[in-house]
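Q: Give me a 3D structure for the following:
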Amino acid sequence: MNLKNKKQRLLIHDGLILTMGDQPRVLPHHSIGVVDGLITFIRPAEEVNLEGWDEVMDGRGMAVMPGFINCHTHAAMSLMRGFADDLPLKEWLENFIWPSEAAFMNRKNVALGTRLALLEMIAAGTVMFADMYFFEDEVALACQQAGMRVLLGEGILDFKTPHFPNPDDAIAFALELASHYSNDPLIKVALAPHAVYTVSPSTLKKIAKLSADYHLPVHIHLAETRQEVEDCQKSFGVHPIDHLSNVGLLNDKLIAAHMVHVPSEYYSRLREAGVRIAHNHSANLKLASGFAPIPDYLKEKIITGLGTDGPASNNNLAIPIEWRHSSLVSKMMTGNPEAINAFEALYMATTGGARVLGVSDIIGSLEPGKAADIILISLNKPHLQPIYNIYSTLAYSMHPTDVDTVIINGRIVMRRRQMLTLDTEKILAEVNQVERQIAHYFHLNNSRNGKK
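A: Model (predicted):
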């Protein structure tokens, strides 16, 4: 493990470059120059001098593109992956997730679970994620160690959380984080009220004012389930989108996770307000929450990116799996094979995700002047050959493990599938200890998995 891997004068030479951005642009046999963490040029390989670089990285046989962006997750819940699957949502939450959080999700375990999630996300090409959980200062420290970008979101609820006894303390803590990391190159902060059914209108109004005063995004679950919509209409007489509008949150600072149950009459309103959607297809499928109308959102030009949701409700954190599920299920549900085409799928994972998290001026496409958040994908594999259309190859054939190298802000954090900033062996050993504790607490039988 190399903990001293620093930014350098790096040349990625002679790769197949996908710049992304708003239009398809593929540049075969091109090179990217990186100096002090920024892209300085993208040129044909034959025009580039190979002398004077700290490192020349061979891009032959590689797709070179912007790293992926996970617009919504609960990273530390990786410690709860798979221990309570195939259950109704209410039973899953009340009998397993909430009790396990109360018993185990302390500061130490949030730090550990986040590092486990970072190993997984980096290995699958993610360069930034939006988190919503507790002890977000520990998430920040883990991301600094890993070299990962993050939008921190301390979970704000109207009842006691593992971190704070009330929402006001959580809000004050989020503002402290925002001040502390205001100039950090990797870490940004959002206000993160959990949902309309767990946060009161008065607290939501307070968050709306603070969002405007401090120019902070607001990250919330919204219109995720039919039950949420029905309960909101019973409690407040309106759809959850109207409810957020009434408390002052329906604006261009809003990152709305899920957005599954949204009638078409809201589409133009969402677009005009500048609302940003974090789409979590796998979790919606697994929890039977419903089908988000993503093809309609894209057609209406509503800002949309991909998220995984938490590892307890998805079971993985790989964005390539998300775009495949999103595209294929959208085609089936609409009866339209053109729904979410290959480029649109990759767009949501890169440029679209950057727009959702408010960082499209920094990352999300490969352009001179932007940060060098770049991944290399190995193409010389049977399941990726032949290549007639590189977007189709990646959208429908790529495995997360095809990601070869990950660069974030000019720093190489994974090279040739080897993690450089986190100690994989140590993290996994600690995770196994916590796994045994959780299994014992819930009287789970791990013998079928070879564990006693």
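
Q: Off-centre distance for the helix or strand encompassing Ile427?
A: Taking DSSP states H and E as the criterion, the element that holds Ile427 is helix 424-441. Computed by C-alpha atoms, centre = their mean, to the nearest Å, the separation of helix 424-441 from the middle of its chain amounts to 24 Å.

Q: What residues of it count as buried?
A: By 16 or more other C-beta atoms under 10 Å, the buried positions in helix 424-441 come out as 427, 430-431, 434-435, 438. To be clear about C-beta, it is placed using only N, CA and C from the backbone, and glycine gets the same treatment.

Q: again, but for stretch 363-373
A: So stretch 363-373, judged by 16+ other C-beta under 10 Å, has buried residues 363-366, 370-373.

Q: can you give me the end-to-end distance of stretch 184-202?
A: The stretch stretch 184-202 measures 31 Å between its terminal residues, going by C-alpha to C-alpha, to the nearest Å.

Q: one step back: biggest separation within the buried residues of helix 424-441, which pair?
A: Using C-beta to C-beta, the two most remote members of the buried residues of helix 424-441 are Ile427 and Ile438, lying 16.3 Å apart.

Q: ok, back up a step: just the C-alphas of the helix holding Ile427, formatted as CSV.
A: This file holds the C-alpha atoms of helix 424-441, laid out as CSV (Å, rounded to 0.1, in the frame of the first residue of the first chain):
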residue,chain,number,x,y,z
THR,A,424,-7.8,-3.8,2.2
GLU,A,425,-6.6,-6.7,4.3
LYS,A,426,-6.9,-4.7,7.5
ILE,A,427,-10.4,-3.4,6.7
LEU,A,428,-11.8,-6.8,5.8
ALA,A,429,-10.4,-8.3,9.0
GLU,A,430,-12.1,-5.7,11.1
VAL,A,431,-15.3,-6.1,9.1
ASN,A,432,-15.3,-9.8,9.9
GLN,A,433,-15.2,-9.1,13.6
VAL,A,434,-18.2,-6.8,13.4
GLU,A,435,-20.1,-9.3,11.2
ARG,A,436,-19.8,-11.9,14.0
GLN,A,437,-21.1,-9.4,16.5
ILE,A,438,-24.1,-8.5,14.4
ALA,A,439,-24.8,-12.1,13.6
HIS,A,440,-24.7,-13.1,17.3
TYR,A,441,-27.0,-10.2,18.3
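
Q: Give the other helices and strands that that helix contacts.
A: Contact here means 3 or more C-beta pairs under 8 Å, 6 or more residues apart in numbering; DSSP states H and E; on that basis helix 424-441 packs against helix 98-104, helix 107-123.

Q: tell me the mean pLDDT over it?
A: The pLDDT scores in helix 424-441 average 95.

Q: Around the nearest residue to Met65 once chain neighbours are set aside, how many other residues sit close by?
A: By the measure of C-beta to C-beta, 6 or more residues apart in numbering, the closest residue to Met65 outside its immediate chain neighbours is Leu18, 4.1 Å from it. Using other C-beta atoms under 10 Å as the criterion, Leu18 is surrounded by 23 other residues.

Q: same deal with the one 5 residues further on?
A: Gln23 has 8 neighbouring residues, counting by other C-beta under 10 Å.

Q: now do the one 5 residues further on
A: For Pro28, the count of nearby residues is 11 (other C-beta under 10 Å).

Q: element containing the closest residue in space to Phe134 that isn't next to it in sequence, please.
A: Excluding its sequence neighbours, the residue lying closest to Phe134 (C-beta to C-beta, 6+ apart) is His163, at 4.0 Å. Secondary structure from DSSP H and E places His163 outside every helix and strand.

Q: shouldn't His163 be in contact with Ala170?
A: Yes - taking contact to mean C-beta atoms under 8 Å, the distance of 7.0 Å between His163 and Ala170 places them in contact.

Q: hey, what's in contact with both of the two?
A: The contact sets of His163 and Ala170 overlap at 154-155 (C-beta atoms under 8 Å, 6 or more residues apart in numbering).

Q: Between the two, which is the more surrounded one?
A: Comparing His163 with Ala170 by other C-beta under 10 Å, the one with more neighbours is Ala170, at 24 against 20.

Q: And the more buried one, what's its pLDDT?
A: Ala170 is assigned a pLDDT of 98 by the prediction.

Q: out of the helices and strands packed on helix 424-441, deepest packed?
A: Of all those, helix 107-123 carries the top mean neighbour count, a mean of 23, counting by mean count of other C-beta atoms under 10 Å.

Q: Now do that one: which elements does it pack against?
A: For helix 107-123, the contact count by 3+ C-beta pairs under 8 Å, 6+ apart identifies helix 136-146, strand 411-415, strand 418-419, helix 424-441 as packing neighbours.

Q: can I get the ones you listed in CSV with distance to Asp54?
A: Listed next are the helices and strands packed on helix 107-123 as CSV, based on distance: least, C-beta to C-beta, whole Å:
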stretch, distance to Asp54
helix 136-146, 22
strand 411-415, 11
strand 418-419, 19
helix 424-441, 25
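
Q: Can you say which of these is nearest to Phe343?
A: Minimum separation from Phe343 across these (C-beta to C-beta) falls at strand 411-415, 25.5 Å.

Q: how close does the closest residue in space to Gln144 that isn't next to it in sequence sit to Ile362?
A: Of all residues beyond its chain neighbours, the one nearest Gln144 is Leu186 (6.8 Å), with distances taken as C-beta to C-beta, 6+ apart. With the distance defined as C-beta to C-beta, to the nearest Å, Leu186 ends up 10 Å from Ile362.
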